[in-house]
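Participant: this one's sequence-less:
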């Protein structure tokens, strides 16, 4: 209910809703499952975004043409993330400009990143 109250208040005040985000594009949940990914696979990172500044790595092809999976978000402030919807709901609890601790799996290693959330529409 807090989310609804915040959204209604924001709509009344500014006429639009600005949500907190990272500046990433994530893989569809079904694709991630087929790849055996547990968490949220990062497909792309917007240039100049909060995610780019924090060093989040996108999925890409190496110089041999093989696909190299990007970072996989597994937690936000210690809360387990298993799907894009989990990530969306976790970030909705914060405001633009607030910092969150993101746990990612990168090349079979756990990496902790601190990211200031940015406005997404």
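Facilitator: Looks like it arrived, so ask away. Everything numeric in this text was worked out from a predicted model, so none of it was measured.
Participant: you'd agree residue 88 is in a helix?
Facilitator: Yes: under DSSP: H, G, I helix; E, B strand; the rest coil, residue 88 sits within a helix.
Participant: residue boundaries of the helices in the protein?
Facilitator: 2-14, 29-34, 50-54, 84-91 (DSSP state H).
Participant: weakest of those by average pLDDT?
Facilitator: Among the helices of the chain, helix 2-14 has the lowest mean pLDDT, at a mean of 62.
Participant: tell me how far residue 102 lies from residue 26.
Facilitator: Separation of residue 102 from residue 26 (CB to CB, to the nearest Å): 13 Å. Placement of C-beta: from N, CA and C, glycine included.
Participant: cool, residue 116 as well?
Facilitator: Residue 116 sits 19 Å away from residue 26, taking CB to CB as the criterion.
Participant: distance of residue 75 from residue 81?
Facilitator: 6 Å.
Participant: out of residue 102 and residue 26, which sits in the more crowded spot?
Facilitator: The residue with more neighbours, out of residue 102 and residue 26, is residue 102; 26 against 22, by other CB atoms under 10 Å.
Participant: wait, isn't the more buried one in contact with residue 76?
Facilitator: Yes: at 5.9 Å, residue 102 counts as touching residue 76 under the criterion of CB atoms under 8 Å.
Participant: would you point out which residue is most central in this protein?
Facilitator: Residue closest to the average C-alpha location in the chain (CA atoms, centre = their mean): residue 22, at 5.2 Å.
Participant: can you give me the strands for the chain?
Facilitator: Taking DSSP state E to define them, one finds strands in the chain at 19-21, 24-26, 40-45, 60-61, 67-68, 72-76, 79-80, 99-106, 109-116, 118-120.
Participant: report pLDDT for residue 104.
Facilitator: At residue 104, the model reports a pLDDT of 98.
Participant: for it, give the beta-bridge partners.
Facilitator: Note on residue 104: beta-bridge partners by DSSP bridges are residue 73, residue 111.
Participant: okay, the strands of the chain in CSV with distance to residue 52 next?
Facilitator: Compiled in CSV, the strands of the chain are given as follows (distance: least, CB to CB, whole Å):
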stretch, distance to residue 52
strand 19-21, 13
strand 24-26, 9
strand 40-45, 5
strand 60-61, 14
strand 67-68, 17
strand 72-76, 15
strand 79-80, 23
strand 99-106, 13
strand 109-116, 10
strand 118-120, 10
